[in-house]
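Student: A predicted structure for the sequence below; I have some questions about it.
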Amino acid sequence: MEPMTEQQLEGQRRLAALRARTRRIRLWVTASGVGMFLAVLTGLMSSAQPAATPQPTQAAQVQPSSSSSTPVAPVTTRSS
Amino acid sequence: MFWWMVTRASGIAALMLASASVGIGVSMGGRFLRVRTADLRVAHEALSLAAMAALAVHAFALVVDDYVDLGVADVTVPFASSYETLRVTLGIAGGWLFVLLGLSSYVRHRIGIERWKRLHRWTMLAWVLGIAHAVGIGTDAGTGWFVVALGAVVLPAAAMVGLRLSGASQATFSGR
């Protein structure tokens, strides 16, 4: 096998540099996209208000009798 | 609740990534940016693929979210959803157009380069449909942060599109 010429070596170096550059750009874009998604998701979750959450069903409240001192938890039913 | 948040976040991410991709794609053709074309091409491809991934997450989250009760057909077939039919269809049509025209890049030699270039320009329509979908039906469309974030990517991309449509190029700006 003949040794590579200087021109061939230079071509291989340039190709390797181009591939490395391509990998860096793709990595940067992917990281930015994932970071942006997570930032928006985190922001939305932290700012979510419990009152703003739409409830699919109405909670049924059970009123305790006047003689009872034990609080009764509301009964929630979910539609199928 | 969690999947609803994922839906919103992925939709916003998809739109922002698509806007950045469109802006770079348009600037490549008009040679507006003094950046190596090879680098722009790589960034354009990566942004497009990232936007497609975000679109897939957006559709998946809508299907698995048990509150909105949407099936696979509702998020993939235009006019199939009974909920906000037109606005949902804008998003579905824009999404499919974006994916198909974007992926067509990998078979452009089979399609023919000139024919592919004419087809690929319609990606801008897909982008506009996505904006209309987000503004029309997006939960966060009326919020200040959404307007600012979207404006930061949509306005530059829209400016690039306007410049290309007007026939301007880097040669125009450099006085040559």
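Tutor: Sure thing, it's come through.
Student: can we go C-alpha only for contacts and neighbour counts from here?
Tutor: Will do.
Student: quick one: low-confidence ranges for chain B?
Tutor: Residue ranges of chain B with pLDDT under 70: B:30-33, B:168-176.
Student: Name the residues of it found near chain A, please.
Tutor: Residues of chain B lying close to chain A by C-alpha under 8 Å from any C-alpha of the partner chain are B:1-2, B:5-6, B:8-10, B:12-13, B:17, B:39, B:42-43, B:46-47, B:50, B:67.
Student: swap the cut-off to 6 Å and go again
Tutor: Selection of chain B residues close to chain A by C-alpha under 6 Å from any C-alpha of the partner chain yields B:9, B:13, B:46.
Student: how much space between the first one and residue B:77?
Tutor: Put plainly, it is residue B:9. For residue B:9, the distance to residue B:77 equals 22 Å [C-alpha to C-alpha, to the nearest Å].
Student: hang on, the earlier thing: ok, the residues of chain B next to chain A vs residue A:3, which is closest?
Tutor: Taking C-alpha to C-alpha as the measure, residue A:3 lies nearest residue B:46 of these, at 37.2 Å.
Student: element containing that closest one?
Tutor: Element membership of residue B:46 [criterion: DSSP states H and E] is helix B:37-64.
Student: helix or strand right after that helix?
Tutor: As assigned by DSSP H and E, the chain's next helix or strand after helix B:37-64 is helix B:72-76.
Student: Mind checking what helix or strand follows that following helix in sequence?
Tutor: Downstream of helix B:72-76, the next assigned helix or strand under DSSP H and E is helix B:85-103.
Student: quick one on the thing from earlier: compare residue B:9 and residue B:77 (neighbour count), which wins?
Tutor: residue B:9 (25 against 14; other C-alpha atoms under 10 Å in any protein chain shown).
Student: who touches that one in this structure?
Tutor: Residues near residue B:9 by C-alpha atoms under 6 Å, 6 or more residues apart in numbering or on different chains: A:37, A:40-41.
Student: can you list those in JSON lines and add secondary structure, neighbour count and pLDDT?
Tutor: Output for the contacts of residue B:9, formatted as JSON lines (DSSP: H, G, I helix; E, B strand; the rest coil; neighbours: other C-alpha atoms under 10 Å in any protein chain shown; pLDDT from 0 to 100):
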{"residue": "A:37", "secondary structure": "helix", "neighbour count": "22", "pLDDT": "95"}
{"residue": "A:40", "secondary structure": "helix", "neighbour count": "20", "pLDDT": "92"}
{"residue": "A:41", "secondary structure": "helix", "neighbour count": "22", "pLDDT": "93"}
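Student: Turn these into TSV, columns for distance to chain B.
Tutor: Output for the contacts of residue B:9, formatted as TSV (distance: C-alpha to the nearest C-alpha, whole Å):
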residue	distance to chain B
A:37	6
A:40	5
A:41	5
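Student: can I get those in JSON lines with distance to residue B:128?
Tutor: Output for the contacts of residue B:9, formatted as JSON lines (distance: C-alpha to C-alpha, whole Å):
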{"residue": "A:37", "distance to residue B:128": "21"}
{"residue": "A:40", "distance to residue B:128": "22"}
{"residue": "A:41", "distance to residue B:128": "24"}
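Student: Out of those, which comes closest to residue B:25?
Tutor: The closest of these to residue B:25 turns out to be residue A:37 (C-alpha to C-alpha; 22.0 Å).
Student: separation between the closest one and residue B:85?
Tutor: Going from residue A:37 to residue B:85 by C-alpha to C-alpha gives 26 Å.
Student: likewise residue B:139?
Tutor: 16 Å.
Student: What parts of chain A come near chain B?
Tutor: Checking chain A against chain B by C-alpha under 6 Å from any C-alpha, the hits are A:26, A:37, A:40-41.
Student: where are the low-confidence patches of chain A?
Tutor: For chain A (pLDDT under 70), the answer is A:1, A:49-80.
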